[in-house]
Structures are given as structure tokens and as C-alpha cells.
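S.K.: A structural model of the following input is requested.
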Amino acid sequence: PAGFAWLYGGLLPHLDPRRPLYGIQAPQLTGEDFAPATIQDLGRAYADRIAAVQPAGPYHLFGWSFGGQVAYAIATALRERGQEVAFLGVLDTFPMDAEEEPSRTPEELDELSRAETEEFLQGLRESAGVLADFDDATVRAIATVHRACMDLLLGADYARYDGDLFVVTATKDRVETGDHLQWAAHVDGAIVNHDVDFTHAELLTPRALTVIGPIVNRTLNEIQTAKPSQENPR
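M.R.: Numbers count the residues shown, from 1 in each chain. Predicted coordinates:
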């Protein structure tokens with residue numbers, strides 16, 4: 001999790017051109033003081049920002065990796081307000097509590113977060129891509145975002161979501177499938193999974209989006225087509 005939204009721009013060639021695409025970037029990247037205590041608080045804060053652009057639903061939310069956790073938190077925050085969430089999609093994102101890890105002390109969680117952040121930054125330094133060309137200030141901001149995301153993720157707690165969940169699972173770097181079923185502990189609606197033959201890290205690359213993008217677009221079109229026939233849409 002680096003906090004950037006521009007990678008989602010790769011979806012645009014695969015979506016209906018009449019459908020606008022908005023991305024939410026971590027406020028810390030621009031120096032804003034932003035430190036939600038929980039991932040649910042993060043979702044509520046981002047829901048405020050979304051409502052400033054679109055005051056009422058239906059909303060369509062989509063996120064990859066930690067971004068999927070954020071999308072889920074936003075969806076539950078919007079539902080708390082009685083707003084309609086017509087689509088919630090996550091890319092290779094699964095509930096952390098399903099792993100049933102032994103409880104850790106705050107000190108152990110802090111050390112784990114530091115180790116995860118250092119591993120992330122090491123990969124950034126070794127990257128041959130655009131991220132490797134960022135200046136020191138940007139890299140420090142990315143480190144701040146990553147550390148904050150890890151802190152939220154390691155202590156994640158999930159509100160119930162009363163809608164359907166669209167899941168894409170990366171199978172190329174996974175030994176077993178079926179992780180999407182872990183969401184059943186939190187989601188009341190249908191959980192529809194799509195396995196794709198890519199690694200987790202590849203899911204927002206142009207090659208992967210030629211597969212994922214049309215599936216997302218088709219699902220959104222089906223939702224839009226079905227809505228007029230619903231007597232009591234949420």
C-alpha cells in the first residue's frame with residue numbers, strides 16, 4: 001500500500017466511457033495530517049470525501065490489496081448513513097481476522113509494522129519502474145502511508161456489509177483457492193469470485209486489466225440494467 005490512485009486509471013479503456021472514474025489517494029502524500037485510529041474510521045473519513053463529490057448513491061467502489069480493505073470500509077460507512085452501494089469490488093483482498101493469528105502485544109505489532117514497511121521500501125528502491133524515480137520527500141511520504149496502512153490492517157475489524165461482494169482472486173502465486181469464502185463471516189449478500197491467472201502484484205497492470213476490466217464493466221452494466229426492475233433497491 002503506497003496510497004496512490006492513478007494505477008486504477010488502467011481501468012478506463014475497459015469501462016463504459018460515460019462512467020466517470022474517481023480515485024482516492026492517501027492525504028499524507030500531500031502532507032495532510034491524517035491519522036484515523038481504525039480502518040472503519042478511515043472508511044468514514046473517505047466516505048465524507050466521496051460525498052463531497054457525489055452527495056448520494058448509488059455508489060460503485062473498487063480496490064486492490066489494501067485498497068480493497070479501504071473500499072470495504074467505505075462501503076460499510078456509506079451503508080451506516082443509509083446510502084446505496086450498488087457495487088463493491090475487491091482485487092485479491094481478504095479479511096485479516098480470518099487468518100486467526102495469535103494475539104500480539106502492541107510492541108510486537110509495532111515491530112511487525114516496521115519490518116513490513118522496510119520490506120516495502122526495499123522493494124521500492126530495487127524497482128525499475130516509475131516509483132524508483134521518486135525524490136526523497138515522496139519516498140518518506142510513501143513510507144508514512146505504508147506504515148499507517150499496516151497499523152490499520154494488523155488491527156483490522158470489520159463491520160457487516162449487507163450487499164453483494166465482487167472478488168477477483170490472483171491464482172498465479174496462490175497454492176490454494178477459496179480464500180474469498182472468508183468474507184462470508186462479514187457479508188450478507190452474494191460473494192461472486194473470479195479467479196485470474198496473475199500474481200497479486202500484477203493485478204493493476206495493463207495486461208491483467210485486459211482480463212479484469214471487461215469483467216468489471218460487464219458486472220456494472222448488469223447492475224445498471226437490473227436496477228429498474230427492483231421494487232425496493234437498497
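S.K.: contacts and neighbour counts: CA atoms only from here.
M.R.: Will do.
S.K.: so for Thr205, what's the pLDDT?
M.R.: At Thr205, the pLDDT value in this model is 89.
S.K.: how about low-confidence regions in the chain?
M.R.: Across the chain, the ranges flagged by pLDDT under 70 are 1-2, 98-136, 138-139, 227-234.
S.K.: where do the strands sit along it?
M.R.: 59-64, 85-91, 165-170, 191-196 (DSSP state E).
S.K.: and the second one with strand 191-196, angle?
M.R.: With axes from the mean of the first three to the mean of the last three CA atoms, to 10 degrees applied, the angle from strand 85-91 to strand 191-196 works out at 40 degrees.
S.K.: against which helices or strands is strand 85-91 packed?
M.R.: With contacts taken as 3 or more CA pairs under 8 Å, 6 or more residues apart in numbering; DSSP states H and E, strand 85-91 sits against strand 59-64, helix 66-80, strand 165-170, helix 206-226.
S.K.: out of these, which is closest to Arg140?
M.R.: helix 66-80 (19.0 Å; CA to CA).
S.K.: which strands and helices sit next to the closest one?
M.R.: Using 3+ CA pairs under 8 Å, 6+ apart, the elements in contact with helix 66-80 are helix 39-53, strand 59-64, strand 85-91.
S.K.: figure out how far it is from the centre of its chain.
M.R.: Here the centre of helix 66-80 is set off from its chain's centre by 8 Å, with CA atoms, centre = their mean, to the nearest Å.
S.K.: could you list the buried residues of that helix?
M.R.: Within helix 66-80, the residues scored as buried using 16 or more other CA atoms under 10 Å are 66-79.
S.K.: quick one: contacts of it?
M.R.: Contact with helix 66-80 is made by 1, 39-40, 42-44, 46-47, 61-63, 84-85, 88-95, 149, 153, 158-161, as judged by CA atoms under 8 Å, 6 or more residues apart in numbering.
S.K.: and these, which are buried?
M.R.: 1, 39-40, 42-44, 46-47, 61-63, 84-85, 88-95, 149, 153, 158, 160-161.
S.K.: for Ile223, which residues are in contact?
M.R.: Residues near Ile223 by CA under 8 Å, 6+ apart: Ala86, Phe87.
S.K.: if you set the cut-off to 6 Å instead, what comes out?
M.R.: Ile223 sits next to no residue when contact means CA atoms under 6 Å, 6 or more residues apart in numbering.
S.K.: any idea how far it lies from Asp188?
M.R.: 18 Å (CA to CA, to the nearest Å).
S.K.: do the same with Asp173
M.R.: 29 Å.
S.K.: more neighbours, these two?
M.R.: Asp188 (14 against 11; other CA atoms under 10 Å).
S.K.: could I get the buried residues of helix 66-80 in a markdown table, plus columns for distance to His200?
M.R.: Formatted as a markdown table, the buried residues of helix 66-80 follow (distance: CA to CA, whole Å):
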| residue | distance to His200 |
| --- | --- |
| Phe66 | 11 |
| Gly67 | 13 |
| Gly68 | 12 |
| Gln69 | 15 |
| Val70 | 17 |
| Ala71 | 17 |
| Tyr72 | 18 |
| Ala73 | 21 |
| Ile74 | 22 |
| Ala75 | 23 |
| Thr76 | 25 |
| Ala77 | 26 |
| Leu78 | 28 |
| Arg79 | 29 |
